[in-house]
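> Sequence and computational prediction follow.
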Amino acid sequence: MVVYKISEIAKKVNISVHTLHYYDKVGLFPFLERDKVGNRIFKDEDLTYLHIINFLKKSGMALKKIKEYIELSLQGDSTLKKRETLILEHKKEVELKISELKDILDAMDYKLWYYKVAVEAGTSKIFDNLKKNEIPKKMQKTIEKLNNVDCIKEFLKIEMSKDKEKK
C-alpha cells in the first residue's frame, strides 16, 4: 500500500498544505488515518475524495455541503438518492451563477460598445440625440434584458431620455 505525507499529497492535488490541514480540521477527511506519531497519512484511494472535494470547492459548493456529501458517500449506496439531490441542488445554484455572470458580460459588452462609440466621436454627447433605431439590435436587447436588474441598471445607464427612443 502506497501512503503519502501531507506535503506529497498537496503537490499531487495542487492544494496547499495549509488548506489540507484546514479541510481536515472542518471534517472533510473522515476517512483519513494517522501514523503512530499523529501525522496524516493519505492513501491512493483517498486521492479520489481529494479530487471530489477540490472539484466541488471550485464549483462554489460550501465546505459544509462538501462535508455532508463526503459523509453520505462513505455510507455507501443507501445514500445515493440524497447525494443525487445534493448535487442537483448545487447544479441549479451553479446554473444561476452562470446566468448572472452572462448578464454581467452582456452589460460589459454594452458598455464597451458605448465607450467605443464615444471614443470614436470624441465625446459621450453623441448619445444625446441617438435614437433607438441607431443602437445595434444586440445592444437594444441587452438594454431591454438587463434594465430591470438592479445591480446592473446603473452600469447600463444610457444618456438618452425615453422621448429620444422613438424611431
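The structure has been received and is ready for your questions. Numbering: from 1, shown residues only.
> Could you point out the helix or strand that follows the lengthiest helix in the chain?
The longest helix of the chain (DSSP state H) is helix 80-121. Next helix or strand after helix 80-121 toward the C-terminus (DSSP states H and E): helix 137-146.
> between that following helix and helix 80-121, how many degrees?
Orientation note: helix 137-146 sits at an angle of 130 degrees relative to helix 80-121 (axes from the mean of the first three to the mean of the last three CA atoms, to 10 degrees).
> Quick check: closest non-adjacent residue to residue 71.
residue 30 (6.4 Å; CB to CB, 6 or more residues apart in numbering). For every residue, glycine as well, the C-beta is placed using N, CA and C.
> and residue 45, how far is that from residue 31?
Distance, residue 45 to residue 31, using CB to CB, to the nearest Å: 8 Å.
> Give the other helices and strands that the longest helix of the chain contacts.
helix 63-74, helix 137-146, helix 150-156 (3 or more CB pairs under 8 Å, 6 or more residues apart in numbering; DSSP states H and E).
> hmm, who's touching the first one?
With CB atoms under 8 Å, 6 or more residues apart in numbering as the contact definition, helix 63-74 has outside contacts at 23, 26-31, 49, 52-53, 56-57, 61, 79, 82-83, 86-87, 90.
> The same query, at a cut-off of 7 Å, please.
Under the contact criterion CB atoms under 7 Å, 6 or more residues apart in numbering, helix 63-74 has outside partners 26-28, 30-31, 49, 53, 56-57, 79, 82-83, 86, 90.
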